[in-house]
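Colleague: 3D model of this:
(chains A and B)
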There are 2 protein chains.
Amino acid sequence: MLSVVQSASTRKLLEDAFLSSFHLASDIEHHLSGALRETLERPGSMIRADLALRTGRTYGLPEGSAEKLAIAIEYFHTASLVFDDLPCMDNASHRRGAPCVHHLFGEGAAILAALALINRAYALLWKAVAGFPVGLQSACLDYVEQNLGVAGLLNGQSQDINYSKLTADSRVPQQIALGKTVSLIRLALVLPAMLGGAPPKEIHLLKRLAVSWGLSYQIVDDLKDILHTAEQGGKTTARDADLDRPNLALTIGIHESFRKVDRLMRISDRIISKLSQRQPSFGFLNGIREQFDKELSTLS
Amino acid sequence: MLSVVQSASTRKLLEDAFLSSFHLASDIEHHLSGALRETLERPGSMIRADLALRTGRTYGLPEGSAEKLAIAIEYFHTASLVFDDLPCMDNASHRRGAPCVHHLFGEGAAILAALALINRAYALLWKAVAGFPVGLQSACLDYVEQNLGVAGLLNGQSQDINYSKLTADSRVPQQIALGKTVSLIRLALVLPAMLGGAPPKEIHLLKRLAVSWGLSYQIVDDLKDILHTAEQGGKTTARDADLDRPNLALTIGIHESFRKVDRLMRISDRIISKLSQRQPSFGFLNGIREQFDKELSTLS
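Modeller: Next up is the predicted model:
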């Protein structure tokens, strides 16, 4: 949803890698290959891939490793969207300006395509970390498990789809966004830094930035769900109220949501400033921060 | 479906590891944790885990590595069954003598639980291979990707659920079984052998054994679908004809199916004999072979 200020060449590189990192052999059953092709040819904003690639470069990771991490994280994210859109989850009809893959090729093909992306993502991950010291590999792969699994993304998604049945004290959209949205942004910022040997202080700042951005990102998404038409967003909107899903803008109100994003952006500015003092190439983060302003101005 | 001749202690070890290798923290959303608990407490035959553990021991793998490979493969298998049973795939109501998890906790929870098993399985895999030489790690992890992905299990499953829409020359149940059923049995036999440094000749024999057993296994399963009641099988039966799914026994007939299993078993006997001459501890494979006879005698 959030598009990124990317140099044209980086954008091209990431889109090419998104498509070419998955080999679609001719003998793949055609519902499955159709669902995969449709997904690989609509790469979305690639914000997570972009964050991972540029953070990897900042810490001097070999370009191949940084790119593999970037595409792996983007494949995990894309698979999570394919699952999200299924009738048993958000029951969406459109994504990225086109019918959802389960509408085009069937739910079975959508599920198998998402699993194929996940299988490929894990393969790319371990290719990215291969050759690094064993202790560092383990730390990185444990961090992946933690962010994607029942301590991260999967729990957030489960709280999201079962929101109406949660106990009152668990119905906290911000808490749910930490699992559902922050996890993958954190992985994109922290994993390349860990692998590149970033100092603990910088890892800590990147984790805080992921929380600040992940929550902002979720609030902007929640606002769009309320304020945008489906045509503007390229995906199904006005779902949260219909489905009783967590939506911070519905919980705290539209005005307070804008104020909250503003506060989170001021926090992220301070974090980016600290990171840039330590590593000047983190200046690229300002470009993404500016993008939030643009998104907000289209809403307000 | 096929139970295994296991020593009581190995069976206990594998069941304990199947349950305890997944940590169900108290803060997991309760539909998701319920679906996971239900799945982890019904471990099935564990034939793949047993094959992997004992093959690993045969090649002197550290017990921890062999056990992690075994449980990882069993988690992948279990996740594949949870997906298989969904309404958009086989639409089954029962598995392992109980209602399917999607009937108990909802389709969303079933999908997220299966994804959690997959996430944990990958983590166990790389813990199993950590510390081995990089080239060997890569070979093992490439082999995992190949068997689970669009060149293996996922393609087989896609051909299975889209069988009625396949072109005539693709409607070959035996070919589909190579992806759908052989892939995970091959992983269970070959992966621990690769990691344990088995000679190429023995890897080759194990691959052939996987094909022979995988096809037999699928034919016995197809026969059960036709001949068993749901009560006998503990899972939904008579699905293949209803859903137009590949079923070798429906294609070549019941009599010819028994003959085919018989031929495959004679081939597997010769392979086991060769393997046992090279590594006497492969004698354990005869126990599993005997189990096929028992399965067939209950059918005939």
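
Colleague: all strands for the stretch 151-300 of chain A, in order.
Modeller: Under the criterion DSSP state E, counting those that start in this stretch, the stretch 151-300 of chain A carries no strands.

Colleague: Which helix or strand in chain A has the lowest average pLDDT?
Modeller: Of all regular secondary-structure elements in chain A, judged by mean pLDDT, DSSP states H and E, the least confident is helix A:230-233 with a mean of 68.

Colleague: Other residues contacting stretch A:102-110?
Modeller: A:31-32, A:34-35, A:38, A:82, A:85-87, A:93, A:100-101, A:113, B:86, B:88-89, B:158, B:161-162 (C-beta atoms under 8 Å, 6 or more residues apart in numbering or on different chains). For glycine as for every other residue, the C-beta is placed from the backbone atoms N, C-alpha and C.

Colleague: Can you mark which positions in it are buried?
Modeller: Neighbour-count burial for stretch A:102-110 flags A:102-103, A:105-110 (criterion: 16 or more other C-beta atoms under 10 Å in any protein chain shown).

Colleague: Looking at those residues, point me to the pair that's furthest apart.
Modeller: Using C-beta to C-beta, the two most remote members of the buried residues of stretch A:102-110 are A:H103 and A:G108, lying 12.8 Å apart.

Colleague: and the residue lying closest to A:L195 once chain neighbours are set aside, what is it in contact with?
Modeller: Computed as C-beta to C-beta, 6 or more residues apart in numbering or on different chains, the closest residue to A:L195 that is not its neighbour in sequence is A:C140, at 5.5 Å. Applying C-beta under 8 Å, 6+ apart, we find A:C140 in contact with A:129, A:132, A:191, A:194-195.

Colleague: Mind picking the two most distant members of those residues?
Modeller: Checked with C-beta to C-beta, these reach their widest spread between A:F132 and A:L191, with 11.9 Å between them.

Colleague: who has more neighbours, these two?
Modeller: Counting neighbours by other C-beta atoms under 10 Å in any protein chain shown for A:F132 and for A:L191 shows that A:L191 has the greater number, 27 against 19.

Colleague: So for that one, what's the pLDDT?
Modeller: Here, the pLDDT recorded for A:L191 equals 98.

Colleague: do the same with A:Q291
Modeller: Turning to A:Q291, the model gives it a pLDDT of 81.

Colleague: burial of it, as a residue count?
Modeller: Here the number of neighbours of A:Q291 (other C-beta under 10 Å) works out to 17.

Colleague: how close does it sit to chain B?
Modeller: 30 Å (C-beta to the nearest C-beta, to the nearest Å).

Colleague: Enumerate every residue touching A:L154.
Modeller: When contacts are counted by C-beta under 8 Å, 6+ apart, A:L154 is found next to A:148, A:179, B:32, B:112, B:115-116, B:119.

Colleague: One more pass at 7 Å, please.
Modeller: Shown here is A:L154, whose contacts under the criterion C-beta atoms under 7 Å, 6 or more residues apart in numbering or on different chains are A:148, B:32, B:112, B:115-116.

Colleague: do A:V129 as well
Modeller: Applying C-beta under 7 Å, 6+ apart, we find A:V129 in contact with A:137, A:140-141, A:195.

Colleague: Give the phi and psi angles for it, as a check.
Modeller: Dihedral pair for A:V129: phi -90, psi -10, per degrees, to the nearest 10.

Colleague: Over to A:A98?
Modeller: phi -140, psi 160.

Colleague: Next: the one 4 residues further on.
Modeller: When quoted as degrees, to the nearest 10, the phi and psi of A:H102 stand at phi -70, psi -20.

Colleague: Does A:L24 belong to a helix, a strand or coil?
Modeller: State at A:L24, reduced to three classes by DSSP: H, G, I helix; E, B strand; the rest coil: coil.

Colleague: Give me the neighbour count for the residue nearest to A:R48 when sequence neighbours are not counted.
Modeller: If you skip the residues right next to it in sequence, A:R48 has A:A188 as its closest partner in space, 4.1 Å away by C-beta to C-beta, 6+ apart. The number of residues packed near A:A188 is 29, by other C-beta under 10 Å.

Colleague: and if you look at A:D16?
Modeller: Neighbouring residues of A:D16 were enumerated by other C-beta under 10 Å; the total is 11.

Colleague: now swap in the one 10 residues further on and tell me
Modeller: Neighbouring residues of A:S26 were enumerated by other C-beta under 10 Å; the total is 6.

Colleague: ditto for A:S281
Modeller: The local packing of A:S281 (other C-beta under 10 Å) involves 14 other residues.

Colleague: Tell me if I'm right that it and A:T58 touch.
Modeller: Yes - if you go by C-beta atoms under 7 Å, A:S281 and A:T58 touch, sitting 4.7 Å apart.

Colleague: Tell me which two in the contacts of A:L154 are the farthest apart.
Modeller: Every pair of the contacts of A:L154 checked by C-beta to C-beta; the farthest is A:L148 and B:L32, at 13.6 Å.

Colleague: what's A:M194 in contact with, if anything?
Modeller: A:M194 sits in contact with A:139-140, A:143, A:203, where contact means C-beta under 7 Å, 6+ apart.

Colleague: one more time with 10 Å
Modeller: When the contact criterion is C-beta atoms under 10 Å, 6 or more residues apart in numbering or on different chains, the partners of A:M194 are A:59, A:129, A:132, A:136, A:139-140, A:143, A:203, A:206.

Colleague: Same question for A:A198.
Modeller: Contacts here follow C-beta under 10 Å, 6+ apart; on that basis A:A198 touches A:55, A:58-59, A:190, A:192, A:204-206, A:275, A:278-279.

Colleague: repeat that with 8 Å
Modeller: Contacts of A:A198 (C-beta under 8 Å, 6+ apart): A:59, A:206.

Colleague: A:D244 now?
Modeller: When the contact criterion is C-beta under 8 Å, 6+ apart, the partners of A:D244 are A:163-164.

Colleague: Next, it: phi, psi?
Modeller: With angles defined as degrees, to the nearest 10, A:D244 sits at phi 50, psi 60.

Colleague: likewise A:P99?
Modeller: When read as degrees, to the nearest 10, the backbone of A:P99 gives phi -60, psi 140.

Colleague: Give me the neighbour count for it.
Modeller: The criterion is other C-beta under 10 Å. On that basis, A:P99 has 14 neighbouring residues.

Colleague: ok, now how distant is it from A:E38?
Modeller: Summarising the geometry, the distance separating A:P99 from A:E38, computed by C-beta to C-beta, to the nearest Å, is 9 Å.

Colleague: Find the closest residue to chain B in the stretch 201-300 of chain A.
Modeller: Relative to chain B, the nearest point of the stretch 201-300 of chain A is A:L243 (11.5 Å; C-beta to the nearest C-beta).

Colleague: All set, thanks.
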